[in-house]
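Asks: Mind looking at a prediction? Sequence and model below.
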Amino acid sequence: MTLSDFQTVSFDAGETIFREGEPGDCSYVIISGDVCVYKKREDKQIKLAELGANQMIGEMGLVSPGYRTASVTAITDCNLLLIEQSQFTRRRSELDPVMKMVFDVILTRFRNTLLSMGNENYDSSANTNVTSEMTDALSQLQLETEIRRGISVGEFELHYQPIVCLKTGKLSGAEGLMRWNHPTRGLVPPSEFIPTAEAGNLIFDLTEIAIDQACQELQEFNIASLKNIDHNHPLFVTLNVSGRDLEHARFYDRVCKNLTDYSLQPGSLKLEVTETSLMNDVETCCEKLGHLKERGVGIAIDDFGTGYSSMSYLAKLPLSTLKIDRSFIVEMTASSQSRRIVKAILRLADELDLTVVAEGIESGEEASCLRDLNCTYGQGFLYSEAVPLDQFKKLIKNWNSHKEYQNFSGKAAAIG
């Protein structure tokens, strides 16, 4: 929104812009001219301030539909920019809950300070809407504190969802997905703590945990695979990382240290990024991913086709893998158009020498269709939900390449 989207109003010298006690539902920014802010008590006029260009008046009218706590008169001819409460409310709603709480507390206390000078017309019920937002903010702060505690005592762990070679049926690897083993709430999914971790600048702490666990536990995967005569080849593990992770000073060194410490083979660790996570600094992220690819780390773009401009990113990112979003897979067997889209993605990947993972496979029909289209890998509830390390190792030992696996309870069970 530009200045041209706001309304301008003019007042002549000596004209009252608004009076104390009047309903207030807007604010003004002084473009030109000077104003006097004052309170009137009995026969006396108490001047609070003289304000000029680029300063704001009536700001409390944006916080809540209360009454004006002071009067304002134009000292000279004035040209003002009008900001209506609806224009402010929309922007305020986009703030982080904690920022909204701090903002509301500061302005509400400022209003109360002005009212302490005496305003009998003030309606105290005007600020009741702050309560629920303050509760939300306090809940977020409490959750952030619990996340910090959980990180310090080791409550976060990876669960693993199988990634299967669609052509052979063999288990090829797994995606590591973070879970919070909360002492009272039980197993908490990432959707309930990742946004707060990002807002509290804790996301890289969780990423470090994920990298360390995945690299260490990958060795246990491969030991388990040796006990399955039908499946005794090395596995890979994939992890989700964000743009903030890539921008962090310790990220590259942390990954490289684990590659060295655990003597990981090239391609055994893959990192998944989304287009949206790269938007802040595409060039820097691409550079860091390029260095990691040179070290043998696989780079996958997640939710391909759902972002801003997937085609343009293919030319920039040092990719090795595309992951087709579940939204395409779920429609594929019923919609010829969705099937053509998946087929086009697979053809494009083949031209660019990229492997493809289809996400969210839930039926044998979907797996068969993808197999017919020569999709390399698949993952989804058809094979297994994400399970803890011990269960995943059992799944590796008992994997049967000749049958599909379905698991909604966390226990691998052959069907078909």
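Replies: Received, thanks.

Asks: Can you report phi and psi for Y38?
Replies: Per-residue torsions, Y38: phi -150, psi 160 (degrees, to the nearest 10).

Asks: Next: S320.
Replies: phi -130, psi -20.

Asks: Thought T355 was touching it, still the case?
Replies: Yes - S320 is in contact with T355 according to C-beta atoms under 8 Å; the separation is 6.7 Å. No exception for glycine: its C-beta is placed from N, CA and C like everyone else's.

Asks: Please enumerate the shared neighbours of the two.
Replies: Between them, S320 and T355 share no contacting residue under C-beta atoms under 8 Å, 6 or more residues apart in numbering.

Asks: Quick one: residues contacting the residue of the chain positioned farthest from its centre.
Replies: Ranked by distance from the centre of the chain (C-alpha atoms, centre = their mean), the top residue is D43, with 57.1 Å. For D43, the contact set (C-beta under 8 Å, 6+ apart) is empty.

Asks: so how far is I211 from it?
Replies: 73 Å (C-beta to C-beta, to the nearest Å).

Asks: repeat for C256
Replies: 10 Å.

Asks: Just want to know which of these two has more residues nearby.
Replies: Taking neighbours as other C-beta atoms under 10 Å, C256 and I211 compare with I211 leading, 23 against 14.

Asks: what comes into contact with stretch 44-59?
Replies: The contact list for stretch 44-59, computed with C-beta under 8 Å, 6+ apart, reads 17-18, 24, 26-40, 68, 70, 72, 75, 80, 107, 117.

Asks: Show the buried residues in those.
Replies: Those of the contacts of stretch 44-59 that meet the buried threshold are 17-18, 24, 26-30, 33-39, 68, 70, 72, 80, 107, by 16 or more other C-beta atoms under 10 Å.

Asks: residue boundaries of the helices in the chain?
Replies: Ranges of helices in the chain, per DSSP state H, are 60-63, 85-93, 97-115, 130-153, 194-199, 203-225, 243-247, 251-261, 282-294, 310-316, 326-332, 336-351, 364-372, 389-397.

Asks: Run through the stretch 301-416 of the chain and note the low-pLDDT ranges.
Replies: When residues are selected by pLDDT under 70, those of the stretch 301-416 of the chain lie in 305-313, 401-416.

Asks: wait, the chain
Replies: In the chain, residues with pLDDT under 70: 1-6, 63-65, 90-91, 93-94, 104, 107-138, 141, 279-280, 305-313, 401-416.

Asks: Show me the residue sitting in the middle of it in space.
Replies: P195 (5.4 Å).

Asks: Tell me which residues touch that residue, please.
Replies: Counting by C-beta under 8 Å, 6+ apart, P195 has no contacts.

Asks: any idea how far Q140 is from it?
Replies: Taking C-beta to C-beta as the measure, P195 and Q140 are separated by 9 Å.

Asks: how many other residues sit next to A53?
Replies: By the criterion of other C-beta under 10 Å, A53 has 12 neighbours.

Asks: cool, and Q142?
Replies: 11.

Asks: Same check on the one 5 residues further on?
Replies: Burial of I147 is recorded as 24 neighbouring residues (other C-beta under 10 Å).

Asks: what do you get for I341?
Replies: I341 has 16 nearby residues by other C-beta under 10 Å.

Asks: cool, the one 4 residues further on as well?
Replies: Applying other C-beta under 10 Å, we find 22 residues neighbouring I345.

Asks: Then R92?
Replies: Residues lying near R92 (other C-beta under 10 Å) number 16.

Asks: ditto for the one 10 residues further on
Replies: With neighbours defined by other C-beta under 10 Å, the count for V102 comes to 14.

Asks: Would you mind measuring from L382 to E359?
Replies: For L382 relative to E359 (C-beta to C-beta), the value is 11 Å.

Asks: cool, and Q216?
Replies: Applying C-beta to C-beta, the value for Q216 to E359 is 25 Å.

Asks: Same drill for the two, tell me which one is more crowded.
Replies: Shown here are Q216 and E359; by other C-beta under 10 Å, E359 has more neighbours (21 against 13).

Asks: Please name the residues that touch the more buried one.
Replies: Contacts for E359 (C-beta under 8 Å, 6+ apart) come out as 303, 323-326, 329, 379-380.

Asks: if we take those, which one ends up nearest to G290?
Replies: Comparing these against G290 with C-beta to C-beta picks out K323 as the nearest, at 19.3 Å.

Asks: doesn't E272 make contact with that closest one?
Replies: Yes - between K323 and E272 there is a contact under C-beta under 8 Å: 6.7 Å.

Asks: so what sits against both of these two?
Replies: Residues within reach of K323 and of E272 at once, by C-beta under 8 Å, 6+ apart, are 300-302.

Asks: if you look at the residues you listed, which of them are in strands?
Replies: Among the shared contacts of K323 and E272, DSSP state E puts 300-302 in strands.

Asks: got these as CSV, with neighbour count and distance to N240 columns?
Replies: Output for those, formatted as CSV (neighbours: other C-beta atoms under 10 Å; distance: C-beta to C-beta, whole Å):
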residue, neighbour count, distance to N240
A300, 24, 9
I301, 22, 11
D302, 24, 7
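
Asks: With distance to A334 added, can I get these in a markdown table?
Replies: Formatted as a markdown table, those follow (distance: C-beta to C-beta, whole Å):
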| residue | distance to A334 |
| --- | --- |
| A300 | 27 |
| I301 | 26 |
| D302 | 24 |
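
Asks: Among the residues you listed, find me the one that's closest to C375.
Replies: The closest of these, once distances to C375 are taken by C-beta to C-beta, is A300, at 14.1 Å.
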